[in-house]
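structure of the sequence below:
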Amino acid sequence: MPLHDRIFGHFQASAQTKLDAAGALVPAIEQAARHMVHCLAQGGKILVCGNGGSATDAQHFASHMINRFEQERPGLAAVALTADTSTLTSIANDLAYDQVFARQVKALGQPGDLLLAISSSGNSPSVLQAVAAAHARSMPVIALTGNDGGALGEQMQEDDVCLSVPAESAARIHEVHMLAIHCLCDAVDSVLLGVEE
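Now for the predicted structure:
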């Protein structure tokens, strides 16, 4: 296959995956955004975690909350649990890597806070441990995952929201996760700034 056609195929596959996901994800993204608004309006904070590309997504989300997305507004409380290398490496070294986020949730999380847990496979041990820690702290969880949701989807409780991208390709799942994060940021701003129709 010519390289040009291969690249064009990625654009087509990405667009099709997003369209295929819209029906299932739009209502869940709205529900998740309302959970976030409730958390923030009550003085809570959003903790965010994920590994690899999902760690980047976690920091991307937190930066939009703390600074701004597309509209000017006061900063909103969000913490990317992926950003403090001293904390991450000390927990991984002294305890185990699967505790790198859970330990932070136990230290920083409070009832009324919320955890945004990102794992494209839904099977990342460190993310699963973070969700268990959040539940132990009476924190609701919003999960961004893919395919059938994996073990992360199975951990969801009544007040949680699972945004599972119906795809198997990790690249396509990450692309939809970025779109979902932007939708969440926009929805939170729309509600808080009173521009919701």
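
report all helices and strands that the longest helix along the chain contacts.
Taking DSSP state H as the criterion, the chain has its longest helix at helix 3-41. Helices and strands touching helix 3-41, as assessed by 3 or more C-beta pairs under 8 Å, 6 or more residues apart in numbering; DSSP states H and E, comprise strand 46-49, strand 114-118, strand 141-146, strand 161-165, helix 170-192. Backbone N, C-alpha and C define where each C-beta goes, glycine included.

rerun at 10 Å
strand 46-49, strand 78-80, strand 114-118, strand 141-146, strand 161-165, helix 170-192 (3 or more C-beta pairs under 10 Å, 6 or more residues apart in numbering; DSSP states H and E).

which one is Leu41 nearest to, not counting chain neighbours?
Careful, residue 41 is Ala and not Leu. Nearest-residue entry for Ala41: Leu192, 7.7 Å, with adjacent residues in sequence omitted and distances by C-beta to C-beta, 6 or more residues apart in numbering.

and if you look at Leu95?
Take Leu95 and drop its neighbours on the chain: the residue closest to it by C-beta to C-beta, 6+ apart is Arg103, 6.7 Å away.

in whatever helix or strand that neighbour lives in, what's buried?
Under the assignment given by DSSP states H and E, the secondary-structure element containing Arg103 is helix 102-108. If you call a residue buried by 16 or more other C-beta atoms under 10 Å, then helix 102-108 has these buried ones: Ala102, Arg103, Gln104, Val105.

can I get those in JSON lines with pLDDT and distance to Ala33?
Conversion of these to JSON lines gives the following (pLDDT from 0 to 100; distance: C-beta to C-beta, whole Å):
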{"residue": "Ala102", "pLDDT": "98", "distance to Ala33": "25"}
{"residue": "Arg103", "pLDDT": "98", "distance to Ala33": "28"}
{"residue": "Gln104", "pLDDT": "98", "distance to Ala33": "24"}
{"residue": "Val105", "pLDDT": "98", "distance to Ala33": "21"}
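
now render those as TSV, adding distance to Leu76.
Putting these into TSV (distance: C-beta to C-beta, whole Å) gives the following:
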residue	distance to Leu76
Ala102	24
Arg103	24
Gln104	19
Val105	19
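
what is the burial count for Leu47?
29 (other C-beta atoms under 10 Å).

got a list of what it touches?
58, 62, 77-81, 101, 104-105, 108-110, 113-117, 130, 133-134, 137, 139, 141 (C-beta atoms under 10 Å, 6 or more residues apart in numbering).

give me the pLDDT for it.
Among the per-residue scores, Leu47 holds a pLDDT of 98.

distance of the residue nearest to Leu95 relative to Ser120?
23 Å (C-beta to C-beta, to the nearest Å).
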